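Novice: can you look at this prediction? I've put the sequence above it.
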Amino acid sequence: MHNATEMAGGAICRSRLLTVTTTLRQQGRDIWGFVEQAWIAHHRGGVMPSLLLDP
């Protein structure tokens, strides 16, 4: 059984993923490529990709 803290954390994770995927779709960017870059940066201590478009 999950406790309230785990359930809240899952809800936050889902809402953040929805925000990221919605933003990337609106920008016409590759969602899986972005997620892959973020995963690699997280595990290697690199720079996370940005949702902001280059000016």
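Specialist: Great, that's in hand. Numbering: from 1, shown residues only.
Novice: helix, strand or coil: sort out residue 8 for me.
Specialist: Taken by DSSP: H, G, I helix; E, B strand; the rest coil, the conformation at residue 8 corresponds to helix.
Novice: actually residue 46, sorry about that
Specialist: Residue 46, by the three-state scheme (three-state DSSP), is coil.
Novice: what's the nearest residue to it if we skip its chain neighbours?
Specialist: Closest residue in space to residue 46, ignoring its immediate chain neighbours: residue 40 at 6.7 Å, by CB to CB, 6 or more residues apart in numbering. The C-beta positions use only the backbone N, C-alpha and C, and glycine is treated the same way.
Novice: for the helix or strand where that neighbour lies, packing partners?
Specialist: Using DSSP states H and E, the element containing residue 40 is helix 31-44. Under the contact criterion of 3 or more CB pairs under 8 Å, 6 or more residues apart in numbering; DSSP states H and E, helix 31-44 touches helix 4-27.
Novice: just how off-centre is the helix it packs on within its chain?
Specialist: 7 Å (CA atoms, centre = their mean, to the nearest Å).
Novice: so which elements touch it?
Specialist: helix 31-44.
Novice: now do the helix it packs on: everything it contacts.
Specialist: Helix 31-44 has contacts (CB atoms under 8 Å, 6 or more residues apart in numbering) with 20-21, 24-25, 46-49.
Novice: report the angle between it and helix 4-27.
Specialist: Here the directions of helix 31-44 and helix 4-27 differ by 130 degrees (axes from the mean of the first three to the mean of the last three CA atoms, to 10 degrees).
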